[in-house]
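**Q** Give the three-dimensional model of this entry:
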Amino acid sequence: MNEDRYELIVIGSGAAGIISAIMAAREGKSVLLLEKLSNISAKLKATGGGRCNLTNTLSNEDFMARFGRDGRFMQDALKAFDNKALVAFMDEIGIETHAPDGFRIFPTSHSSATIIAGLQQEMNRCNIKVITHQRVERLLTIGKHIDGVKTQNAIYYASAVIVATGGLGYPVLGAEGDGYTLAEELGHKVTELSPAMMPLKTKETWVSECRADTIPKVELRVDIKKHKKLRAKGDLIFTKSGIRGPVVLDFAREVTPLLKKYEEVPLLLNLTKGMNEEQISKHLKSEAVRNPQANIVELVSTLLPIPLARELCKLADASEDMTLKKLSGKVKEKLVQILAWTPLTVNGHDGFRLAMITRGGVSLKEIDPKTMQSKLIKGLFFCGEIMNLDGPCGGYNLQWSFASGYLAGNSAVTLLDAQ
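**A** Numbering: from 1, shown residues only. Below you'll find the model as predicted:
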């Protein structure tokens with residue numbers, strides 16, 4: 001069995017792992033990066049549909065707020081490496097970026113291949129040793145100090161190890177959760193893991209008739225008394241078997257844990273750009289006055305695409321060929337209620353197979369936010385998605401990966417210099 005010694009070993013070649021390796025190698029440390037697949041950065045290649053939304057233009061305070069109550073954990077990482085620092089780093093390695101919508105930042109090529117090529121070139125320049133087809137089976141320790149790793153066919157020694165293995169999302173791209181096992185074997189707690197940032201399936205089948213259009217500014221709410229505060233806003237798309245779109249991808253992180261508990265999660269959707277029942281009623285009456293011959297579907301289609309208008313009228317038992325004036329008061333009331341808050345029941349998803357990220361991970365309580373070092377094992381660091389911290393769509397999770405990787409790499413250097 002081969003045996004080699006390095007100063008730092010990085011496990012995983014995603015954004016977090018690569019930048020941590022680069023930061024340490026730039027300080028003259030001997031760095032080994034291990035990847036179990038045949039190529040580096042498989043998941044990074046697929047990020048943002050291959051366009052690679054690197055980060056966004058929010059301030060650090062606003063950025064952290066979007067991660068919820070645990071967001072402040074990333075304060076030191078963002079202070080060390082925020083969106084401006086990431087853009088400057090990309091420019092430094094020859095990658096131009098821009099924010100075409102003023103918010104999301106992409107490489108100007110809109111191709112993740114550009115990012116991967118730039119990172120690969122910088123790793124080569126820094127003399128980072130990269131070995132693929134290496135599955136780490138165990139972390140080696142001496143007492144409470146890290147000492148290296150064991151793979152399926154070799155042992156590599158180091159005084160610092162960074163675990164950047166990612167989560168469980170997209171197993172076809174190598175995600176198997178092996179980093180969680182490595183952490184647990186050394187005493188770290190891993191919180192409950194749920195798929196996030198993914199489409200959701202619904203019990204209702206009428207959604208399949210409404211696939212042609214994106215519905216903007218939709219508000220989603222969980223219709224369970226204990227979870228009434230869970231809500232989100234954004235664009236929604238109906239699919240053959242459910243819902244997707246930015247608001248759904250963001251909200252899935254809240255819904256998937258509830259599915260484990262309740263099996264079905266009732267939602268309420270405001271599809272009418274925030275209009276309430278009174279405003280909807282006034283709008284329909286106004287349109288009926290302007291066009292008295294219009295049937296109810298035509299009137300509702302002034303608010304929503306025709307296929308969706310037709311399905312919601314069916315839900316309210318409003319006959320398609322009737323005018324508003326001919327509808328009974330009870331049907332009108334039901335229709336307005338449905339237009340204000342459309343009921344929909346989530347009853348499934350495709351699991352981690354289509355999940356872009358994982359909710360849950362190594363407990364933040366056991367990681368020092370100032371260094372990303374384990375509080376249990378000296379010389380062991382974590383960064384990226386393996387930790388119990390995930391955010392919405394829009395460059396949040398990739399920025400966090402880069403920032404935590406940057407901090408972990410530099411913290412490993414500080415540790416090594418002190419030895």
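**Q** Tell me the bridge partners for the closest residue to residue 158 other than its chain neighbours.
**A** Distances taken as C-beta to C-beta, 6 or more residues apart in numbering place residue 9 nearest to residue 158, at 4.3 Å, with adjacent residues excluded. For every residue, glycine as well, the C-beta is placed using N, CA and C. As for beta bridges, residue 9 partners with residue 32, residue 161 under DSSP bridges.
**Q** State the distance from residue 9 to residue 412.
**A** 10 Å (C-beta to C-beta, to the nearest Å).
**Q** where are the low-confidence patches of the protein?
**A** By pLDDT under 70, the weakly predicted segments of the chain are 1-3, 48, 170-175.
**Q** all helices of it, in order?
**A** 15-26, 42-46, 60-65, 75-80, 83-92, 112-125, 178-185, 246-262, 277-290, 296-300, 306-315, 329-340, 396-418 (DSSP state H).
**Q** From the contact counts, what lies against the fifth one?
**A** When you say that, I think you mean helix 83-92. When contacts are defined as 3 or more C-beta pairs under 8 Å, 6 or more residues apart in numbering; DSSP states H and E, helix 83-92 packs onto strand 55-56, strand 97-98, strand 104-107, helix 396-418.
**Q** list the buried ones in the third one?
**A** So the one you mean is strand 104-107. Residues of strand 104-107 classed as buried: 104, 105, 106, 107 (neighbour count, 16 or more other C-beta atoms under 10 Å).
**Q** Out of these, which comes closest to residue 352?
**A** residue 104 (24.9 Å; C-beta to C-beta).
**Q** what pairs with the closest one across the strands?
**A** Going by DSSP bridges, residue 104 forms beta bridges with residue 56.
**Q** State the distance from it to residue 220.
**A** Taking C-beta to C-beta, one finds residue 104 at 21 Å from residue 220.
**Q** Next, count neighbours for the closest residue to residue 52 other than its chain neighbours.
**A** Residue nearest to residue 52 in three dimensions, not counting chain neighbours: residue 112, with 3.8 Å by C-beta to C-beta, 6+ apart. Using other C-beta atoms under 10 Å, the number of residues around residue 112 comes to 23.
**Q** give the contact list for residue 47.
**A** Counting by C-beta atoms under 8 Å, 6 or more residues apart in numbering, residue 47 makes contact with 53, 112, 398.
**Q** try residue 389
**A** Contacts for residue 389 were tallied using C-beta under 8 Å, 6+ apart; they are 67, 70, 71, 73, 74, 361, 364, 400.
**Q** circling back to that earlier point, dump the helices and strands packed on helix 83-92 to JSON lines, plus distance to residue 383.
**A** Converted to JSON lines, the helices and strands packed on helix 83-92 look like this (distance: least, C-beta to C-beta, whole Å):
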{"stretch": "strand 55-56", "distance to residue 383": "16"}
{"stretch": "strand 97-98", "distance to residue 383": "22"}
{"stretch": "strand 104-107", "distance to residue 383": "20"}
{"stretch": "helix 396-418", "distance to residue 383": "4"}
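**Q** wait, which of these is closest to residue 205?
**A** helix 396-418 (32.5 Å).
**Q** Go ahead and confirm residue 6 touches residue 33.
**A** No. In this structure, residue 6 is not within contact of residue 33 by C-beta atoms under 8 Å, at 9.8 Å.
**Q** Compare neighbour counts for these two and give me the winner.
**A** Neighbours of residue 6 and residue 33, each counted by other C-beta under 10 Å, are more numerous for residue 33; the result is 27 against 21.
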